[in-house]
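*Asks:* take this sequence and fold it.
(one chain, ligands or ions: 1)
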Amino acid sequence: MRRCNEIYTIGASIKNLAPRGVREMRLKIMEVKLIVFVLLQAVTVRSQVNPEMCRYPLGMTGGQIQDEDISASSHWSESTAARFGRHVDLRSLHFITLVGTQGRHADGMGNEFAQRYRIKYSRDGSSWVGWHDRKGRQIIEGNSNAYDVVLKDLEPPIIARFVRFMPVTDHSMIVCMRVELYGCEWLDGLMSYSIPDGHQMIYRGLDVFFNDSVYDGASAERLTKGLGQLTDGTWGLDDFLHSHSYNFWPGYDYVGWNNRSFPRGYVEMIFEFDHVRNFSSMKVHCNNMFSRGVRMFRQVTCYFRSGSEWEADPVTFRPAVDRVSQSARFITVPLGDRTASTIKCRFHFSDLWMLFSEVAFQSGDDPTHKVDDSNTRILIGCLVAIIAILLAIIVIILWRQVWQKMLEKASRRMLDDELTARLAIQTRAFSFHHSIFPLCADYQEPSRLIRKLPEFSQSTEHLAFAAGGSDGAPHYAEADIISLQESSDSSTYSITAVNMNFFAGTDSSMREFPRQKLTFKEKLGEGQFGEVHLCEAEGMQDFLGEDLSIEGNNESPLLVAVKTLREDANKNARNDFLKEIRIMSRLRDPNIVRLLAVCVDTDPLCMITEYMENGDLNQFLCNLRLKAADEDEIKQEETEGKSMVSYTTLIGMAVQIASGMKYLSSLNFVHRDLATRNCLVGKKYTIKIADFGMSRNLYRGDYYRIQGRAVLPIRWMSWESILLGKFTMASDVWAFGVTLWEILTLCKEQPYSQLSDEQVIENTGEFFREQGKQVYLPKPPCCPDRIYKDLMLSCWRRNAKQRPSFQEIHSQLLESLA
Ligand code: AMP
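*Replies:* Numbering: from 1, shown residues only. A predicted model of the protein is given here:
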C-alpha cells in the first residue's frame, strides 16, 4: 500500500481554505480595509483576544508554520483503530478559533479524506489534552469528499503551541488530510491558571452553575494546570442568568464563587506564564448584578514569582465601588510593571457572590511587548500609508481643479489682453446666418449650451455673446489687428504687434468693373450679405487681361457669379463685405473660388467671382448616389432619379479641398467655417473653397475671442473652438475631418444627427475631459478603415498639435487613391 506522504499539510497548499471574510481581505482592492482591519486586530490583541477577529490562517500569515514545524510521523493507538499523525509546532502559543480540512488525491489508495477526526493539543509539548466542544463531544465531522474544504469553528477555542489531528477511521489505514488552522498569537503568554472551581447558585428555584466547564487541566480540590472559560474570549452578559448561547445552562459564561465557602474572604487564583514577563496590568471581566447578591471584587492583592519564591511586596488594588450600574465590566488592575513568571492574586469578596468571565494580562519589555511594539509600528506605518494615499488623492483632485482653473484663467487673460490692446473693435453683421438660420441648423448659438458644461458654467464670460449687431442680427465681434505669435518653444505664445500687410488696405490689383457690363441671368442663391446672381460679364477677359480658359470658362461674354450687398445692410455688414473682398483678392489657388473684380464705387457693393456651375457641394452631393465598387465607371446616368458617383470621385473632391486648405495654411490663414456647404462645385467635379466671411489670419485667429452673440457651426467645430473660442489651422483640420465625413456620407445626414445641440456641446465637453466618453462620428459605410482611423479620427484628436497638417492630409488622401 502506498503510504500517504503527509497526513497533515498545514497552510500553504490550501490557501482557499481561508474563510470568506479572510479571503476577501486578501484582495488588493480591499487593501485599505485590510489595513484598518489589521489595526483593529492589533488593538484588540493588546487588550484581550476577540474570537470574532482572531481568524487568520496561521500557516500562511508570516509563514509561521514551516515544513520543519510539522513533526515526523508519529503513531499511537487508541481503542481498536490505528492512528497516524503529525503534530504541528506553531512556535508560540496561539489562540486557535477555526480549523479547515480538505482531502487529498491518493491515487485511489487509502482514504483520500477524513470523515471524522479529533484534535489534541499541548502548550508545553509534553502534556496533551483532547479537545472537546462545550457539550463534551470530541469528534469533529470532517470531509465527505476529496475536494471540498470544510471549516469548523472551535468552540471553545484552543490555546496551544502544538496541535495534533487524529483521523477517526473504521479500519486501520492511512488517511490523507490537508489542514489549516486559523487564529492569532496568544500574547498573554498565560500557560495555565489555577482556581477553585466555581459554585452552584440557586436563584429563585433555578439552578445556576458557575463552574469552569471548559477547563482543560486537572480538576481536584482546585482546578490546576489548565485554561478554560476565563481565557475563552467570551465575556459574560450583564445578566448572568443568560449566556451567549441559549443551549447552555444559566450562569454558563461565568465562573463564580460564594463568599460563604471562603472563610478568609477571598478567592485565590494562580497564573502561570510561558516565561518571565514585565506585567503592566491585568484585566478582569466581572459581573456586578448587586440586586442578586453579585458584586465585583472589593480588593485584589497580587503576588509575583520569577523563581521559586514569592516576592514579599504584593500589589494591592481597590476598584471604585459601583452601587449604581449593574453592568458587567472589565476592571483593569495595574500591576506596576512587576516581573514574574507566576502571579498569584487574591480577589476579595464585596458581596455574597463574585463572578468572573475573563482574565487577561498585558505585559511589556519582553518578546510579547516587542510584538506589541511591532504592532504599534505596523499601526503607525499603516496610518502613515493611509494618510499618504489620501494626500495623493487630494493632490490629484486639486491638481485637476487647478489645471481647469488655469485653463479658464488663460482664456480670460487672453481676452483681457485683447481688450488692453485697445484695438478697434469691429462688429460684423451676419445677415447670412440671420436669414438662413431658421432654415439651416448647421449654425447654433452655443452660449447657453456651453454653460451647461460644469467646467465652463462659471467661466463663459469670454464666450458671453453680447446683444446682436446694430441690426439686431447675430454677429461675431473681433479685435481687428491683434496678433499673437507662437514663441520658439511652440508651447507658449507671446503677443506681437505685427503689421498685417496681408489684410491692410485694398488690393490695387482688384479693379472696379463697369457695373453696366453685367447682365443678370438668374438668381443662384442667397448668402450672408445678400443675393448671389448669375450674370454675363461683357469684356471680362479683356478687362482682366488674362486667359481664363484655364479656369474652364472661355465663353464670351463670361458667365460670372455676382454677390451683392443688401441695400439695407448696416455699416458693419458693409465693412465685413469689403473685408471679404480684401481677403479674397489676395487668394489665388485652383481650389479657392477666385474673385475677378468688384463694383464698389457706387452702391450696391458687388463682388464678381468665377461661376461654379454645380452650386454648393452639400446640395450637389445630396443629389448623388454612391456607385457600388463593381459598377461601371462614373456615368452621369440617372439611377432612381439620382446621378451616381464613385468613392474615388468623392476622395478626389476631398483631395481638392485639402489642396485648397493647404494653400490657405501656407498663408497662415484660418477659414473657420470649412464645410461642404461652403465649397462650390464647377465642371468635372472641380471643387473650390468659398465663403471667407469668417476667415481670419492664423495668428489673430489663434486668439480670436467670440464676444458677441454668435451663431456657430458647432457640429464642425473643434472642442477648443467651442469651449475656448480658439480657432487655428488645427481647428480647420477638425472641420476638414467633418467635411470629409460629409462627403463620404454624401451629405445624407447632418453630423451627429442623433444628438441635439445640447448633446453636441456636452460631447464637446467629453472631448475636453477625455475620459473616453466622447462620441465620434461613425465610419461612413464606404470609408475604408484606414481612412477612418488614420485620417478622419486623427483630425479629431484632443491635442491640436497631434492633428495632421493639411499637407499631410493632402498626401495621405492622394496616396489612398494610388
Ligand atoms: P454665399 O453667400 O457665398 O454663401 O452663397 C450663397 C449661395 O449662392 C451658395 O450656397 C451657392 O449656392 C451660390 N453661389 C455662391 N457663389 C457662387 C458661385 N461662384 N458660383 C455658383 N454659385 C454660387
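*Asks:* interface residues of this protein facing the ligand?
*Replies:* With the criterion set to CB under 6 Å from any ligand atom, the chain comes near the ligand through 432, 524-528, 532, 561, 593, 609, 611-612, 615-616, 680, 690-691. (Glycine included, C-beta is placed from N, CA and C.)
*Asks:* buried only: go through those residues for me.
*Replies:* Buried members of the residues of the chain next to the ligand, scored by 16 or more other CB atoms under 10 Å, are 432, 524, 527-528, 532, 561, 593, 609, 611-612, 616, 680, 690-691.
*Asks:* just the closest residue of the stretch 451-600 of the chain to the ligand, please.
*Replies:* Proximity to the ligand, evaluated over the stretch 451-600 of the chain using CB to the nearest ligand atom, is greatest for G527 at 1.5 Å.
*Asks:* am I right that that residue is in contact with T564?
*Replies:* No. Between G527 and T564 there is no contact under CB atoms under 8 Å: 9.3 Å.
*Asks:* quick one, helices of the stretch 451-600 of the chain?
*Replies:* Secondary structure of the stretch 451-600 of the chain, counting by DSSP state H, counting those that start in this stretch: helices at 454-457, 540-544, 571-585.
*Asks:* lowest-pLDDT helix or strand in this structure?
*Replies:* Ranked by mean pLDDT, DSSP states H and E, the weakest helix or strand in the chain is strand 493-495, scoring a mean of 25.
*Asks:* so where is the stretch 301-450 of the chain shaky, pLDDT-wise?
*Replies:* 365-375, 407-450 (pLDDT under 70).
*Asks:* next: the stretch 1-150 of the chain.
*Replies:* 1-48, 60-86, 105-111.
*Asks:* picking up where we left off before, out of the residues of the chain next to the ligand, which are inside strands?
*Replies:* Among the residues of the chain next to the ligand, the members falling in strands (DSSP state E) are L524, G525, E526, V532, A561, T609, L680.
*Asks:* please tabulate those residues in JSON lines, including the columns pLDDT.
*Replies:* Output for these, formatted as JSON lines (pLDDT from 0 to 100):
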{"residue": "L524", "pLDDT": "92"}
{"residue": "G525", "pLDDT": "86"}
{"residue": "E526", "pLDDT": "82"}
{"residue": "V532", "pLDDT": "91"}
{"residue": "A561", "pLDDT": "94"}
{"residue": "T609", "pLDDT": "94"}
{"residue": "L680", "pLDDT": "96"}
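*Asks:* which of the residues you listed sits closest to R298?
*Replies:* Taking CB to CB as the measure, R298 lies nearest E526 of those, at 107.4 Å.
*Asks:* didn't the closest one look like it was pressed against H533?
*Replies:* No. Here E526 does not reach H533: they are 10.2 Å apart, not a contact under CB under 8 Å.
*Asks:* helices and strands around the helix or strand harbouring T101, which ones?
*Replies:* According to DSSP states H and E, T101 maps onto strand 87-102. Counting contacts by 3 or more CB pairs under 8 Å, 6 or more residues apart in numbering; DSSP states H and E, strand 87-102 packs against strand 116-122, strand 150-167, strand 177-185.
*Asks:* now with 7 Å?
*Replies:* If you count contacts as 3 or more CB pairs under 7 Å, 6 or more residues apart in numbering; DSSP states H and E, strand 87-102 packs onto strand 150-167, strand 177-185.
*Asks:* buried stuff in that strand?
*Replies:* Using 16+ other CB under 10 Å as the test for burial, strand 87-102 gives 87-90, 93-102.
*Asks:* in JSON lines: the residues you listed, plus distance to V49.
*Replies:* Formatted as JSON lines, the buried residues of strand 87-102 follow (distance: CB to CB, whole Å):
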{"residue": "H87", "distance to V49": "22"}
{"residue": "V88", "distance to V49": "20"}
{"residue": "D89", "distance to V49": "20"}
{"residue": "L90", "distance to V49": "15"}
{"residue": "L93", "distance to V49": "11"}
{"residue": "H94", "distance to V49": "10"}
{"residue": "F95", "distance to V49": "5"}
{"residue": "I96", "distance to V49": "11"}
{"residue": "T97", "distance to V49": "9"}
{"residue": "L98", "distance to V49": "13"}
{"residue": "V99", "distance to V49": "17"}
{"residue": "G100", "distance to V49": "19"}
{"residue": "T101", "distance to V49": "23"}
{"residue": "Q102", "distance to V49": "26"}
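*Asks:* gap between the two ends of stretch 743-758?
*Replies:* Stretch 743-758 has an end-to-end distance of 25 Å (CA to CA, to the nearest Å).
*Asks:* give me the contacts around that stretch.
*Replies:* 441, 444, 449, 452, 618, 621-622, 624, 626, 650, 653-654, 676, 714-715, 738, 741-742, 760, 763, 777, 780, 782-783 (CB atoms under 7 Å, 6 or more residues apart in numbering).
*Asks:* of these, keep whichever come out buried.
*Replies:* By neighbour count, with 16+ other CB under 10 Å, those hold 444, 449, 618, 621, 624, 626, 650, 653-654, 676, 714-715, 738, 741-742, 760, 763, 777, 780, 782-783 as buried.
*Asks:* just checking, S291 touches Q326?
*Replies:* Yes. Here S291 reaches Q326: they are 6.4 Å apart, a contact under CB atoms under 7 Å.
*Asks:* contact partners for T764?
*Replies:* Contacts for T764 (CB under 7 Å, 6+ apart) come out as W719, I722, L723.
*Asks:* then M607?
*Replies:* Going by CB under 7 Å, 6+ apart, the list of residues near M607 reads K563, I581, L595, V598.
*Asks:* and of those residues, the nearest to R400?
*Replies:* R400 lies nearest to I581 out of the contacts of M607, by CB to CB, at 47.3 Å.
*Asks:* give the contact list for that closest one.
*Replies:* Applying CB under 7 Å, 6+ apart, we find I581 in contact with M510, L595, V598, M607.
*Asks:* what about A730, helix or strand, and which?
*Replies:* Going by DSSP H and E, A730 is in helix 729-744.
*Asks:* show the average pLDDT along that helix.
*Replies:* In this model, helix 729-744 has a mean pLDDT of 96.
*Asks:* then stretch 627-640?
*Replies:* Stretch 627-640 comes out at a mean pLDDT of 56.
*Asks:* number of residues surrounding I386?
*Replies:* Residue neighbour count, defined by other CB atoms under 10 Å, stands at 15 for I386.
*Asks:* for it, helix, strand, or coil?
*Replies:* Assigned with DSSP: H, G, I helix; E, B strand; the rest coil, I386 falls in the helix class.
*Asks:* I'd say L664 and A658 touch.
*Replies:* No. Using CB under 7 Å, L664 is not in contact with A658; the gap is 10.6 Å.
*Asks:* if you count what's nearby, which of the two comes out ahead?
*Replies:* Per other CB under 10 Å, whichever of L664 and A658 has more neighbours is A658, with 29 against 23.
*Asks:* which element is the residue in the stretch 251-400 of the chain positioned nearest to the ligand on?
*Replies:* Residue of the stretch 251-400 of the chain nearest the ligand, by CB to the nearest ligand atom: R400 (42.6 Å). Element membership for R400 (DSSP H and E) is helix 367-420.
*Asks:* the spatially closest residue to D239 that is not a sequence neighbour and R329, how far apart?
*Replies:* Spatially, and ignoring its direct neighbours in sequence, D239 is nearest to M289 (6.6 Å; CB to CB, 6 or more residues apart in numbering). According to CB to CB, to the nearest Å, M289 and R329 sit 11 Å apart.
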